[in-house]
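> okay, sequence plus prediction incoming.
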Amino acid sequence: GQDEEGYSDGRTQRGGCEEHRRIYDRREGDRCPLSCIRYNSPGACIRDNNKGWCDLKAIIAGTGIDRDPRFCEGIVKAETAYGDAFYSEHDGIIFIPRHLPGHKTAPHKINYRANVELLRMLGVDGVISIYAVGSITRKLAPASFGLVRDFIDLTYGRENTFFDDAVRHTPMINPFDITLKAKFASEAIKEGIPMGYETIYITTQGPRLETAAEINAYRHMGADIVGMTLATEAELLKEAGIPNAAVAFSINWAAGLDMEGVSFLEDESIERIASRIMKIALRALS
Ligand code: HPA
C-alpha cells in the first residue's frame, strides 16, 4: 500500500504496513521506500549495505540528558507496528527521549519495542544509548561516565522481544558494538576524559529503588552499576541488528553505600556531565 500519513511540516512516515516489513531486507542499490527524513522526499536515498538506508544515527537518552533541547524540540510521533514512538531529527541524527518529552513514562512503562522499531523503520544503523545509573562499585563513581561492557537483566513482564511468534534465540555474547564504543572512547580522549574500565549494568524492574541487601547481592553478582532501562533496550536493539554503544553516568551511590541514604547529584552537575556526554556522542556518530 502507498497510503501515507502526513505531518504538518510536509514529512510523511508510513505505518506498520506490509511494505514496511519488507524494507528490512532490501538489497544494495534499492531506493529507500520510506519518506526519507534526511533528504525530505521519498526514495531520495539509495541502499548502501555498508551504511544502511540513509546513514542515519540515533541517540536514545533518559534522565538528565533528555533536558537537552534536541530531545524536546521538533518532536514528532510515528506509528509503528508496536505502538507510537516519539523522536526528533537534528542534523541527520535521530533523538529519542526514552521517557517521552517531559519525562512522563516510568522505566517499566516505556514502549521499548516501538522505539527500536522506529529506528529500524528509519534505517538507523548506529545508536548511542545513554543511561543515568546508581554506583555499586568504584568502577564508575557518582559524577563520572563511561562505556558499558555487559548487562544483567532482572526485569520481568516487559515486552522485550520481537520474536513472540518465530522461535529465535539472539546471541548476547557481544551486546554492544565495538566500533561504536571505540569511536566514543576516542572522542572522549580528545575531550581529556579517558574511558577506563567498562562496567556491568544490572537492570532492575523498578520503579522503586533497591534495598541495601539487594545492592549488596548485586555487587556479589558482578554488577558495577544499577538502573532500570538498559537491558530491555539493548536486547531489542540486538534483535533488530542495530549496532549500539551504551554510555552510563552515575548520579548516586546505590542503596546502603552512602551514609546519607540515597542522595542524587545536583541538577547543575547532571547538566554539566550531560552536555559533555552529548558532545562526545555526537562526534562519535558523525
Ligand atoms: N537504582 C536504580 N536506578 C537508578 C539509580 C539507582 O540507584 N540511580 C539512577 N537510576
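Sure thing, it's come through.

> can you pull the residues of the chain lying near the ligand?
Taking C-beta under 6 Å from any ligand atom as the contact definition, the chain meets the ligand at 132-134, 204, 209-210, 226-228, 251-252, 254. To be clear about C-beta, it is placed using only N, CA and C from the backbone, and glycine gets the same treatment.

> list only buried entries from these.
132-134, 204, 210, 226-228, 251-252, 254 (16 or more other C-beta atoms under 10 Å).

> mark which of these are part of strands, please.
132-134, 226-227, 251-252 (DSSP state E).

> OK, contacts around whatever residue of the chain ends up closest to the ligand?
Going by C-beta to the nearest ligand atom, the ligand is nearest to Gly134 of the chain, at 2.4 Å. By C-beta atoms under 8 Å, 6 or more residues apart in numbering, Gly134 lies in contact with 209-210, 215, 225-227, 250-255, 262.

> mind doing that once more with 10 Å?
By C-beta atoms under 10 Å, 6 or more residues apart in numbering, Gly134 lies in contact with 140, 142, 202, 204, 209-210, 215, 225-228, 248, 250-255, 257-258, 262, 264.

> counting residues, name the longest helix you see in the protein.
Across the chain, the longest stretch assigned as helix under DSSP state H is helix 267-285.

> so how far is stretch 115-135 off the chain centroid?
Centroid separation for stretch 115-135 versus its chain: 3 Å, with C-alpha atoms, centre = their mean, to the nearest Å.

> CA atoms only: put stretch 118-135 into PDB for me.
Only the C-alpha atoms of stretch 118-135 are listed here, as PDB (Å, rounded to 0.1, in the frame of the first residue of the first chain):
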ATOM      1  CA  LEU A 118      11.100   3.200  14.800                       C
ATOM      2  CA  LEU A 119      14.900   3.100  14.400                       C
ATOM      3  CA  ARG A 120      14.600   0.100  12.200                       C
ATOM      4  CA  MET A 121      12.000   1.800  10.100                       C
ATOM      5  CA  LEU A 122      14.200   4.800   9.600                       C
ATOM      6  CA  GLY A 123      17.100   2.600   8.700                       C
ATOM      7  CA  VAL A 124      19.200   3.800  11.600                       C
ATOM      8  CA  ASP A 125      22.400   1.800  11.800                       C
ATOM      9  CA  GLY A 126      24.200   3.100  14.800                       C
ATOM     10  CA  VAL A 127      22.900   4.100  18.200                       C
ATOM     11  CA  ILE A 128      24.500   5.600  21.300                       C
ATOM     12  CA  SER A 129      22.200   4.900  24.300                       C
ATOM     13  CA  ILE A 130      22.800   6.900  27.400                       C
ATOM     14  CA  TYR A 131      21.700   6.000  31.000                       C
ATOM     15  CA  ALA A 132      21.700   7.600  34.400                       C
ATOM     16  CA  VAL A 133      22.600   5.000  36.900                       C
ATOM     17  CA  GLY A 134      23.500   4.400  40.600                       C
ATOM     18  CA  SER A 135      27.000   3.300  41.500                       C
END
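
> just use 5 as the starting number from now, easier for me
I'll keep to 5 as the first residue from here, and by that count the last item is stretch 122-139.

> show the average pLDDT along it.
Stretch 122-139 carries an average pLDDT of 91.

> could you do stretch 258-272 as well?
Stretch 258-272 comes out at a mean pLDDT of 90.

> ditto for stretch 206-217
97.

> for it, buried residues please.
206-208, 210, 214.

> any stretches of the chain with poor pLDDT?
Across the chain, residues meeting the criterion (pLDDT under 70) sit at 5-59.

> just the helices in it please.
Assigned by DSSP H, the helices in the chain fall at 22-26, 116-126, 182-194, 216-225, 234-243, 271-289.

> for the fifth one, packing partners?
What that stands for is helix 234-243. Counting contacts by 3 or more C-beta pairs under 10 Å, 6 or more residues apart in numbering; DSSP states H and E, helix 234-243 is packed against strand 61-65, helix 116-126, strand 131-139, strand 149-157, strand 203-207, strand 248-257.
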